[in-house]
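Colleague: The following block contains a protein sequence and its predicted model.
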Amino acid sequence: MTDSKYFTTTKKGEIFELKAELNSDKKEKKKEAVKKVIASMTVGKDVSALFPDVVNCMQTDNLELKKLVYLYLMNYAKSQPDMAIMAVNTFVKDCEDPNPLIRALAVRTMGCIRVDKITEYLCEPLRKCLKDEDPYVRKTAAVCVAKLHDINAQLVEDQGFLDTLKDLISDSNPMVVANAVAALSEIAESHPNSNLLDLNPQSINKLLTALNECTEWGQIFILDCLANYTPRDDRESQSICERVTPRLSHANSAVVLSAVKVLMKFMEMLPKDLDYYGTLLKKLAPPLVTLLSAEPELQYVALRNINLIVQKRPEILKHEMKVFFVKYNDPIYVKLEKLDIMIRLASQANIAQVLAELKEYATEVDVDFVRKAVRAIGRCAIKVEQSAERCVSTLLDLIQTKVNYVVQEAIVVIKDIFRKYPNKYESVIATLCENLDSLDEPEARAAMIWIVGEYAERIDNADELLESFLEGFHDESTQVQLQLLTAIVKLFLKKPTETQELVQQVLSLATQDSDNPDLRDRGYIYWRLLSTDPVAAKEVVLAEKPLISEETDLIEPTLLEELICHIGTLASVYHKPPSAFVEGSRGVMHKRLPARTGSGEGTECPDVGNAAGGSAPEAAPSIIPSQGDLLGDLLNLDLAPPTTPAVLLPLLGGDIGGSPAMGAGFGAAPAVMPASLNAPVGGGLGDLFDLGGGVGMPMGAYIPPKTVWLPAMKAKGLEISGTFARRAGVIQMELVLTNKAMSVMTDFAIQFNRNSFGLAPAGPLQVLTPLGPNQTIEVSLPLSTVGPVMKMDPLNNLQVAVKNNIDVFYFSCQYPISMLFVEDGKMERQVFLATWKDIPNDNESQFQIQDCHLNSEAASNKLQGSNIFTIAKRTVEGQDMLYMSIKLSNGIWVLAELKVQAGNPNYTVSSGTRRDR
Amino acid sequence: MIGGLFIYNHKGEVLTSRVYRDDIGRNAVDAFRVNVIHARQQVRSPVTNIARTSFFHVKRSNIWLAVVTKQNVNAAMVFEFLYKMCDVMASYFGKISEENIKNNFVLIYELLDEILDFGYPQNSETGSLKTFITQQGIKGQHQTKEEQSQITSQVTGQIGWRREGIKYRRNELFLDVLESVNLLMSPQGQVLSAHVSGRVVMKSYLSGMPECKFGMNDKIIIDKAGKGGVTNEAGKSTSGKQSIAIDDCTFNQCVRLSKFDSERSISFIPPDGEYELMRYRTTKDIILPFRVIPLVREVGRTKLEVKVVIKSNFKPSLLAQKIEVRIPTPLNTSGVQVICMKGKAKYKASENAIVWKIKRMAGMKESQISAEIELLPTNDKKKWARPPISMNFEVPFAPSGLKVRYLKVFESKLNYSDHDVIKWVRYIGRSGIYETRC
């Protein structure tokens, strides 16, 4: 007899019959009845009416029957909470059963019954079971704490279960340790700030010991937990790596991937010149390759992860190209992933092989795969210059096949090849033109049109070709329409005589007959350009185009770092941070790779070691609320590719008046500073210290001395000098206007050009009385920071226009960045720690301030006057380290570390700002 | 962690479902059915995200097993778990089919309860599970107290895979070196990629808690031994290569990995009965047992001529078995004439291939097949993709060249020694994906 017989009873009065059987005296009959009940439950029938009868069967010493009843209870307790109470007594009793299997079963099941009333009764048995003599019961109880926490977190904390759970990490039984680690990790995820998983060298040591002894699943829990730890220095990092590497030979792929995660993360901290670093790199390749002989689903997970690893550390797998060759029977998802990795690994050394493979793939059946293969050939051409010629000829071969989607895909990539290698392969244009008619996808049509327009001078019948597209202009997609408009304008600029009619036609189609605003706008722009200044039009439309990059689809570095910390998990499969697909608090935490430390010294600040462990909270995203937008604006305006936006560094430039020290200050961070920022900033940190000032001088922001901004001879007798100050939270522009002319000046007004920080006059220039000859007036103009923004060069440059009854005068001046420091720039200590860690090394710069005779106390006070706040201070070997934060008016935070050595007049400043993601 | 597990039949009806987490709603079961099982398109990924819920699935014959979760779980672990679950089920009731699942649903529930707790995989070793799973296993009430604690300590303990007190009258062990050799060859006979993935499967019938040590002709060990001045079997190896370079190997959880890492020695206390001791992969100096030489000629638009030669490349004294060559034919094939020197060849229209079978073939021989394929004229523009010619076979040696040097057994408490154990070693090389493009 098999279980399927239980499914077959469909007679009327079935429930009634079951009821009778459940109350039978015979054990066997009871058991059969419960099985029938569970069978009905499985197929979705409502058997909740039998609750009391089933619960009655619970009191039995027959383990099999008991398990069946428990199964029923787990399913129905929630819908019948009042009746579930009936079972509590038996549960409590079972938790004391002499048989450990029953004790564990009871505590496990109780945790699954998510009824508040029951959870209250669970506490006492659970407490006992956590200290049970039998490891099987303890390991079950450990997971039960996590269950209870999920139902009622407060209860778990109040009852002190968390501490008991922490104690279990030192348990003698490896499986208990593993489950305790799993439970704690999960609980810690919902309490990002708690120091629940108190990872320190001692506890890490315990985990590493348990790692050698526990089940494969336990090893995964422990490795995933280890990955959240941040070693104190490179030595500790190395010793953990040494103890984790044996896991790479485990048969379970998840153990291997989790070990890879730990190694990839901790490797960050090892100095690259270390022998061990090289050894480790070599050890990583074979296990990764082995993962590819696992079942296809696991291969897929492995390949998604390898994709990340290859981007982070291409050197690991650079010699392993062959293993990523596609097999005919691979599932499509494996094929596509392999192809991705092949492109990433393609190099001069292996390009011949890769191309031969890609050509093979381009004849396969699956359309997506073929397209990707064709596109890959184009990527290879762009990536490896030596191969470009071969790639182009391969693509031409493929075009000859006349397979529609192959041709289209090939044309799209050839367009990119033209852009990468101008004036090299244009001879193939004729072949491309032959296939014009077969193109039916917008992307391919647009690419072809681009080619025709770009090389109009070499294609005799370019006008005919483009005209043929024009016929169905309104049926085309926007992409094609835009491209067609541009192409015809290009053609017109190259062959103006024959194509005047054509260009007029397209312009009128775009501007008058189209509903699409983008198309209309572009049409109008061309129209005006062409009608007002054809020379300028030529310069604009036929301008040299920027080079296209070699690599595409690269994951943004900060995201990549985060994903590396999630190797093996869903995040690494989706290539998305957990917050993108996990609801609630669990996904919010962002993980980071540890920073490379020097030899144990360096960027440490108090408690960073602890805070940087996995539990380090992501400083709320509101830290740099506007930076992204601002930078976006800045970058859009000057159309440059994104550079590291460490634009704030020069504000800490050296000494008064731009003495040589200032140059040195900038020299320290050349990598991060765009060249445009090299101009000295009027008031640097050095100024803020104000050499002349003694102790006890009044607190207040530094104000640079007035300088002449507009000499009289340039402004028909009006001389303007001035400075900037921050008084009571308001930025003031203090102007001195002197009339050196012979006539009276009236009607003063002022305006600013757009500038980096959006400075704008908050009111009109208050010059009420006319300014007579040789008269001087001092005006102070309050400024706001909500004006339009444009990146200036240098950054703190301000272009001003002053108008009077005589004329309009223009001048530019530079304001000290320090006046942009806002009063609420004191960062939370915790946030500071997290943010400090977050700053990529590249965004950090260091320099010295020379000849400053203040002690750290006085310096701190003085800086506070300028809204530079000291967050923490500590003393190491006679050196005072001050940790400071600054917030700019546009919301960007700058963090700094100031080293002051008693008796040494030179200060060292390291500062950085975080880059927004 | 794992939020729940659903098992569906091919129609998408739920056979078994178990939900471990509250965040998994009732509609999750339907979401997977509608979006994956009933999806019109071919499955493009084993991981699917539907409305912030992630589904992992594997398919066994026409049964779908799906894990559902809302958290950022360890994806590799989920798939490993699914495979393990399949193994465990298979070891209890054989093939995973709708019928078997319906016949064993109580057992599956009990297993799911024991293997996963709150979505955390716990113990998945069939050996130890069988000691306390009540369905078709030992019943709880018959156990003595000692037995009970023995079960728990085994399940949780360091050596979870073996129980104490095993006794055999005859201590015996069988070692099978099973290799599958994979090849991808260009039509011109150039090896595009080749590797051997091998497994060492051991059946042990040993008393007590024996400590075993396994040795093979691993290049690293032999080189080490050579340097140390110790001359053992390696020195007198007569034929072929002395040692092989293993690219990578993975071990059963009984093997002490840290010891392998430091000394590269493979030592362990074996589970009782059959299990897989290690897996390995080699890519260098592989003996490719067969070479396939294809010749495909298109004669006009309606005819193809195919000639395939296979050559065996191993010692003439050895015999290869179960040789099968599969020559794909275009979809518009209307008729095929085949002539082969050896074995039997047949055109199988349903598989779009000519299947040529040879029962046995000795080393250093060659054989040939020629076929004429008639094609129906089509106006399909798409070219025939020419899938590769694949081959299956079995040979009585290890294509990687791996040799077992020793397997020593120590059991200090019982009075039997290494010499008393009867040991059997067998080598089988099979074709994995053995393809030649044409």
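Modeller: That came in fine, so what should we check first?

Colleague: Indicate the residue of chain A located nearest to chain B.
Modeller: residue A:63 (2.8 Å; Cβ to the nearest Cβ). Just so you know, the C-beta spots here come from the backbone N, C-alpha and C atoms, and that holds for glycine as well.

Colleague: Which pLDDT value goes with the residue most central in space within chain A?
Modeller: The residue lying closest to the centre of chain A (Cα atoms, centre = their mean) is residue A:559, at 3.3 Å. At residue A:559, the predicted lDDT confidence score is 92.

Colleague: Residue B:57 and chain A, how far apart?
Modeller: 8 Å (Cβ to the nearest Cβ, to the nearest Å).

Colleague: on contacts alone, who are the packing partners of the helix or strand where that residue lies?
Modeller: According to DSSP states H and E, residue B:57 maps onto strand B:53-60. Contact here means 3 or more Cβ pairs under 8 Å, 6 or more residues apart in numbering or on different chains; DSSP states H and E; on that basis strand B:53-60 packs against helix A:296-312, helix B:27-32, strand B:47-50, strand B:63-69, helix B:75-93.

Colleague: would you turn the ones you listed into a markdown table with mean pLDDT and mean neighbour count?
Modeller: Shown next, in a markdown table, are those (pLDDT from 0 to 100; neighbours: other Cβ atoms under 10 Å in any protein chain shown):
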| stretch | mean pLDDT | mean neighbour count |
| --- | --- | --- |
| helix A:296-312 | 95 | 23 |
| helix B:27-32 | 90 | 18 |
| strand B:47-50 | 92 | 18 |
| strand B:63-69 | 95 | 24 |
| helix B:75-93 | 93 | 22 |
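
Colleague: Out of the ones you listed, which gets nearest to residue A:776?
Modeller: helix A:296-312 (63.4 Å; Cβ to Cβ).

Colleague: can the closest one be found next to chain B?
Modeller: Yes. Against chain B, helix A:296-312 shows contacts by Cβ under 8 Å from any Cβ of the partner chain at A:296, A:297, A:298, A:300, A:301, A:302.

Colleague: How far off centre is that helix?
Modeller: 19 Å (Cα atoms, centre = their mean, to the nearest Å).

Colleague: other SSEs contacting it?
Modeller: Helix A:296-312 is packed against helix A:253-267, helix A:275-290, helix A:332-345, helix A:557-564, helix A:570-574, strand B:53-60, helix B:75-93, with contacts defined by 3+ Cβ pairs under 8 Å, 6+ apart.

Colleague: rewinding a little: will you turn the helices and strands packed on strand B:53-60 into JSON lines that also has distance to residue A:521?
Modeller: Converted to JSON lines, those look like this (distance: least, Cβ to Cβ, whole Å):
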{"stretch": "helix A:296-312", "distance to residue A:521": "38"}
{"stretch": "helix B:27-32", "distance to residue A:521": "43"}
{"stretch": "strand B:47-50", "distance to residue A:521": "38"}
{"stretch": "strand B:63-69", "distance to residue A:521": "47"}
{"stretch": "helix B:75-93", "distance to residue A:521": "46"}
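
Colleague: Of these, which is nearest residue B:5?
Modeller: strand B:63-69 (5.5 Å).

Colleague: and the closest one, what does it pack onto?
Modeller: strand B:4-8, helix B:27-32, strand B:53-60, helix B:75-93.

Colleague: any low-confidence regions in the stretch 151-300 of chain A?
Modeller: Along the stretch 151-300 of chain A, the model assigns pLDDT under 70 to residues A:192-194.

Colleague: Please determine whether the helix or strand hosting residue B:221 lies in contact with chain A.
Modeller: Residue B:221 is located in helix B:219-227, with elements delineated by DSSP H and E. No. Helix B:219-227 stays clear of chain A (Cβ under 8 Å from any Cβ), getting no nearer than 12.3 Å.

Colleague: I'd like to know which of the helices and strands packed on strand B:53-60 lies nearest to residue A:496.
Modeller: Nearest to residue A:496, of all these, is helix A:296-312, at 47.7 Å by Cβ to Cβ.

Colleague: what about the helices in the stretch 201-350 of chain B?
Modeller: Assigned by DSSP state H, counting those that start in this stretch, the stretch 201-350 of chain B shows helices spanning B:219-227, B:257-263.

Colleague: could those helices go into CSV alongside mean neighbour count?
Modeller: Shown next, in CSV, are the helices of the stretch 201-350 of chain B (neighbours: other Cβ atoms under 10 Å in any protein chain shown):
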stretch, mean neighbour count
helix B:219-227, 15
helix B:257-263, 15
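
Colleague: Out of those, which is closest to residue A:269?
Modeller: helix B:257-263 (21.1 Å).

Colleague: Alpha carbons only: can I get that closest one in CSV?
Modeller: The C-alpha trace of helix B:257-263 is given here as CSV (Å, rounded to 0.1, in the frame of the first residue of the first chain):
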residue,chain,number,x,y,z
LEU,B,257,40.7,19.3,3.7
SER,B,258,43.2,21.1,5.8
LYS,B,259,45.5,18.1,5.7
PHE,B,260,45.2,17.9,1.9
ASP,B,261,46.0,21.6,1.7
SER,B,262,49.1,21.3,3.8
GLU,B,263,50.5,17.9,2.9
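
Colleague: And what about residue B:356, helix, strand or coil?
Modeller: At residue B:356, secondary structure determined by DSSP: H, G, I helix; E, B strand; the rest coil is strand.

Colleague: can you count the residues close to residue A:461?
Modeller: 11 (other Cβ atoms under 10 Å in any protein chain shown).

Colleague: can you pull the contacts of residue A:143?
Modeller: A:108, A:111, A:179, A:182, A:183, B:117, B:118, B:120 (Cβ atoms under 8 Å, 6 or more residues apart in numbering or on different chains).

Colleague: Low-confidence stretches in the chain?
Modeller: As the question left the chain open, I've gone with chain A. Ranges of chain A meeting pLDDT under 70: A:1-13, A:192-194, A:551-552, A:584-589, A:596-701, A:902-903, A:905, A:914-917.

Colleague: other chain: chain B
Modeller: For chain B, the ranges with pLDDT under 70 are B:134-147, B:149-150, B:154, B:157-158, B:226-241, B:380-383.

Colleague: Nearest residue to the middle of it?
Modeller: Closest to where the C-alpha atoms of chain B average out (Cα atoms, centre = their mean) is residue B:199, at 8.3 Å.

Colleague: Against residue A:433, how distant is the residue nearest to the centre of chain A?
Modeller: Distance, residue A:559 to residue A:433, by Cβ to Cβ, to the nearest Å: 41 Å.

Colleague: Same check on residue B:326?
Modeller: From residue B:326 over to residue A:433 (counting by Cβ to Cβ), the distance is 43 Å.

Colleague: quick one, which of these two is more surrounded?
Modeller: Set residue B:326 next to residue A:433 and count neighbours by other Cβ under 10 Å: residue B:326 wins out with 19 against 15.

Colleague: State whether the more buried one and residue B:357 are indeed in contact, as I suppose.
Modeller: No. Here residue B:326 does not reach residue B:357: they are 9.8 Å apart, not a contact under Cβ atoms under 8 Å.

Colleague: Which residues are in contact with each of those two?
Modeller: With Cβ under 8 Å, 6+ apart, residue B:326 and residue B:357 have no common neighbours.

Colleague: and of the helices and strands packed on helix A:296-312, who's closest to residue A:447?
Modeller: Closest among these, once you apply Cβ to Cβ, is helix A:332-345, at 19.4 Å.

Colleague: ok, the closest one near chain B or not?
Modeller: Yes. Using Cβ under 8 Å from any Cβ, we find that helix A:332-345 touches chain B at A:332, A:333.

Colleague: Show the subsequent helix or strand relative to that helix.
Modeller: Criterion used, DSSP H and E; the element after helix A:332-345 is helix A:351-361.
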